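Colleague: Let me see the structure of the following:
(one chain, ligands or ions: 1)
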Amino acid sequence: MTSLYDLGQIILCTADSSAIVSQFIKTLTTSYCIDIDTFKTVLLLLNNSDYDLLVRERCRNGICGYPLCNVNIPAPNRLIPFTWYCNDYHFDCSQFVLTQLRKFPIYDVSLLQKDLTDGELANTASITLFEEYLRDKVWDNDMDSVTTSMNMFRMR
Ligand SMILES: [Zn+2]
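Modeller: Sure thing, here's the model as predicted:
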């Protein structure tokens with residue numbers, strides 16, 4: 001597994017951003033992100049083709065393509081993206097991430113190095129994971145039903 005600390009070591013000890021990205025991909029080809037913050041920090045520096053490469057390398061190694069997962073998968077079919085993941089949910093999670101990554105990474109590596117030197121976490125709020133999106137949606141629905149219940153209560 002890979003933590004934010006491990007990534008910090010790579011970011012601080014590697015000079016240029018393409019070397020950092022290659023190192024991230026190399027690390028996560030055989031490992032996985034221990035938590036959401038670690039994953040989001042990785043995502044700040046990846047563009048969509050980096051992410052695609054990471055997913056392919058992981059499944060070539062027999063691990064679910066979603067970098068927050070470490071489930072082993074049977075020999076995937078190179079042409080069928082559904083087979084690159086341990087389940088449909090992780091396929092969806094990955095697609096959700098891909099829609100937010102661009103041709104160029106969101107974060108500049110020198111800013112990330114500065115934040116880490118200052119002991120601050122990178123600004124990971126710019127990316128939303130599918131897990132977070134679903135959680136917020138459930139929360140909204142719960143709040144709606146609470147409000148409706150309260151209104152019904154008040155009308156009596
Ligand atoms: Zn998975």
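Colleague: Please, where are all the helices along the protein?
Modeller: 4-13, 17-30, 36-44, 48-60, 88-98, 109-117, 130-155 (DSSP state H).
Colleague: Can you tell me which of the ones you listed is nearest to C69?
Modeller: Proximity to C69 (CB to CB) singles out helix 88-98 among the helices of the chain, at 5.6 Å. Bear in mind the C-beta positions are built from the backbone N, C-alpha and C, glycine included.
Colleague: can you tell if that closest one touches the ion?
Modeller: Yes - remark: helix 88-98 sits within contact range of the ion at H90, by CB under 5 Å from the ion.
Colleague: Export that helix to CSV, keeping only CA atoms.
Modeller: In CSV, the C-alpha atoms belonging to helix 88-98 read as follows (Å, rounded to 0.1, in the frame of the first residue of the first chain):
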residue,chain,number,x,y,z
ASP,A,88,-18.8,-2.6,-12.0
TYR,A,89,-18.7,-0.2,-9.1
HIS,A,90,-14.9,0.3,-9.5
PHE,A,91,-15.3,0.7,-13.2
ASP,A,92,-17.8,3.5,-12.5
CYS,A,93,-15.4,5.0,-9.9
SER,A,94,-12.6,5.1,-12.5
GLN,A,95,-14.8,6.6,-15.2
PHE,A,96,-15.9,9.3,-12.8
VAL,A,97,-12.3,10.2,-12.1
LEU,A,98,-11.4,10.2,-15.8
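Colleague: Who are the packing partners of it?
Modeller: In this structure, helix 88-98 makes packing contacts with helix 48-60, helix 130-155, judged by 3 or more CB pairs under 8 Å, 6 or more residues apart in numbering; DSSP states H and E.
Colleague: Show me which residues of the chain are close to the ion?
Modeller: Going by CB under 5 Å from the ion, the residues of the chain near the ion are C64, Y66, C69, V71, C86, H90.
Colleague: want to throw these into a markdown table with pLDDT and distance to Q113?
Modeller: Output for the residues of the chain next to the ion, formatted as a markdown table (pLDDT from 0 to 100; distance: CB to CB, whole Å):
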| residue | pLDDT | distance to Q113 |
| --- | --- | --- |
| C64 | 97 | 30 |
| Y66 | 97 | 27 |
| C69 | 97 | 28 |
| V71 | 96 | 33 |
| C86 | 95 | 34 |
| H90 | 96 | 31 |
